[in-house]
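# Sharing a sequence plus its predicted fold:
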Amino acid sequence: MIRKMTFGAFALAAACVAAMPAAAQRVPDADLRDFCADRPGKGTPTCILDVGRWQAEVGLIDGARQTDSASRAESRAYGDLFLRYGLTPLTEIQFGITSWTTEKVTDRSTGVSETVDGVSDIQIGFRHSLANPDGSGVSVALAGFITAPTGSRDVRGDGFEGGIVLPISLPLNDDWGLSLSPEIDIVADSDGDGRHAAYTMVAGVGRGVGQWALGAEVWVSHDDDPIEATTQSTFDLTAVWTPPSMPNAQVDFGLNFGLNDDSPDVEFGMGVARRF
């Protein structure tokens with residue numbers, strides 16, 4: 001039943017986009033904005049896709065490991081799919097789902113493990129430019145998303161969740177750029193009874209080096225769960241390679257390190273992105 005719901009939601013989203021008027025006169029290749037992907041950092045970029053263009057961003061594998069005195073948690077995600085579509089010169093819509101996710105928790109004293117896995121929830125969102133939709137200069141956007149509890153029983157969320165992000169990017173000099181992504185979310189309580197707020201900030205710097213774009217971010221997220229409030233923080237490194245013969249594609253890598261006990265000890269990821 002869950003898989004039918006997931007497929008149905010995907011089909012509905014695809015049908016809605018296909019039915020849109022080509023307000024949507026497709027932008028010619030020669031006039032395209034510079035290629036810009038959401039992967040691989042945790043921050044949200046300010047760039048908007050050109051009208052009528054699709055972009056597929058896929059996490060081939062993402063993993064995390066967190067250990068404390070009582071347990072060890074290891075997670076993997078495969079096929080993290082993020083689709084973007086340029087709706088107007090200033091607005092794009094987005095659709096995300098992870099094909100398969102698995103988490104294994106091991107009791108360190110007994111060695112007993114418990115594993116849950118399945119298809120993730122569906123996320124639908126948008127991004128609207130407030131200044132410089134190509135992401136150049138001082139660029140600002142407004143983004144929002146809703147996550148629907150359509151995933152497999154063991155991994156889906158407790159009801160609908162959502163959030164608002166205000167991504168900002170600005171050049172520091174000819175080589176370096178700064179990005180900020182303040183975010184406020186409404187998420188389910190850990191006991192499944194009610195909702196509460198969570199607050200996130202991502203600050204990053206980056207620069208291009210030949211065919212590569214290198215970046216570093218600090219991610220801080222505070223969850224006001226009434227059962228137990230937590231604050232997580234990581235230091236993240238990213239590397240993106242754009243093949244010389246494929247200016248509309250990238251291969252990316254990410255490596256994150258936990259900065260406190262509530263955060264994963266280490267996270268890693270590898271993915272690709274392609275504009276059509």
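Received it, and whenever you're ready, just let me know what you need.

# separation between the residue of the chain positioned farthest from its centre and R72?
What lies farthest from the middle of the chain is T110; by CA atoms, centre = their mean that is 35.4 Å. When distance is defined by CB to CB, to the nearest Å, T110 is 12 Å away from R72. Glycine gets a C-beta too; all of them are placed from N, C-alpha and C.

# what does V27 give?
Distance from V27 to R72, counting by CB to CB: 49 Å.

# where does the closest residue to D121 other than its chain neighbours land in three-state SS?
Spatially, and ignoring its direct neighbours in sequence, D121 is nearest to G151 (4.2 Å; CB to CB, 6 or more residues apart in numbering). Here G151 is coil, with the state taken from DSSP: H, G, I helix; E, B strand; the rest coil.

# burial of G151, as a residue count?
22 (other CB atoms under 10 Å).

# Helices of the stretch 1-150 of the chain, start to end?
2-18 (DSSP state H, counting those that start in this stretch).

# Report the residue spans of the stretch 101-250 of the chain with pLDDT below the cut-off.
The stretch 101-250 of the chain contains no residues with pLDDT under 70.

# partners of whatever helix or strand A198 lives in in the sheet?
Counting by DSSP states H and E, the element that carries A198 is strand 195-209. Using DSSP bridges, the strands paired with strand 195-209 are strand 176-188 (antiparallel), strand 212-223 (antiparallel).

# Pull out the buried positions in that strand.
For strand 195-209, the buried set under the neighbour-count rule, 16 or more other CB atoms under 10 Å, comprises 196, 198, 200, 202, 204, 206.

# List the contacts of stretch 247-266.
32, 35, 37, 39-42, 64-68, 218-219, 230-243, 267-276 (CB atoms under 8 Å, 6 or more residues apart in numbering).

# Filter the residues you listed down to the buried ones.
By 16+ other CB under 10 Å, the contacts of stretch 247-266 give 35, 37, 39-42, 64-67, 218-219, 230, 232-234, 236, 238, 240, 242, 267, 269-271, 273, 275 as buried.

# Go through those and flag which are in strands.
Under the assignment DSSP state E, these contribute 64-67, 218-219, 230, 232-234, 236, 238, 240, 267, 269-271, 273, 275 to strands.

# and I168, how far is that from G137?
Taking CB to CB, one finds I168 at 12 Å from G137.

# which one of the two has more residues nearby?
I168 (18 against 10).

# ok, what's across the strand from the more buried one?
The partner residues for I168, given DSSP bridges, come to V140, L180.

# same question, V209
If you apply DSSP bridges, the partners that V209 bridges to are W212.

# Out of the strands paired with strand 195-209, which is closest to W100?
strand 176-188 (22.2 Å; CB to CB).

# Now do the buried residues in the closest one.
177, 179-181, 183, 185, 187-188.

# Rebuild these as a markdown table, extending it with distance to L90.
Below are these laid out as a markdown table (distance: CB to CB, whole Å):
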| residue | distance to L90 |
| --- | --- |
| G177 | 21 |
| S179 | 19 |
| L180 | 20 |
| S181 | 19 |
| E183 | 20 |
| D185 | 24 |
| V187 | 28 |
| A188 | 32 |
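
# Nearest to I124, out of those residues: which one, please.
For the buried residues of strand 176-188, the closest approach to I124 (CB to CB) belongs to D185, at 14.8 Å.

# Distance check, the closest one against G204.
Following CB to CB, the distance that separates D185 from G204 is 19 Å.

# go on, D62?
Taken as CB to CB, the span from D62 to G204 is 18 Å.

# One more: T44?
Distance from T44 to G204, by CB to CB: 10 Å.

# Please apply the same query to P149.
Relative to G204, and taking CB to CB, P149 is found at 31 Å.

# residues of stretch 240-257 that come out buried?
240, 242, 249-252, 254, 256.

# ok, now how distant is the residue nearest to L166 when sequence neighbours are not counted from W54?
Nearest residue to L166, sequence neighbours excluded (CB to CB, 6+ apart): P182, at 5.4 Å. Distance of P182 to W54, given as CB to CB: 28 Å.

# sorry, back to before: residues touching the residue nearest to L166, list them.
165-166, 200-201.

# do G269 as well
So G269 contacts 40, 59, 61-63, 252-254 (CB under 8 Å, 6+ apart).
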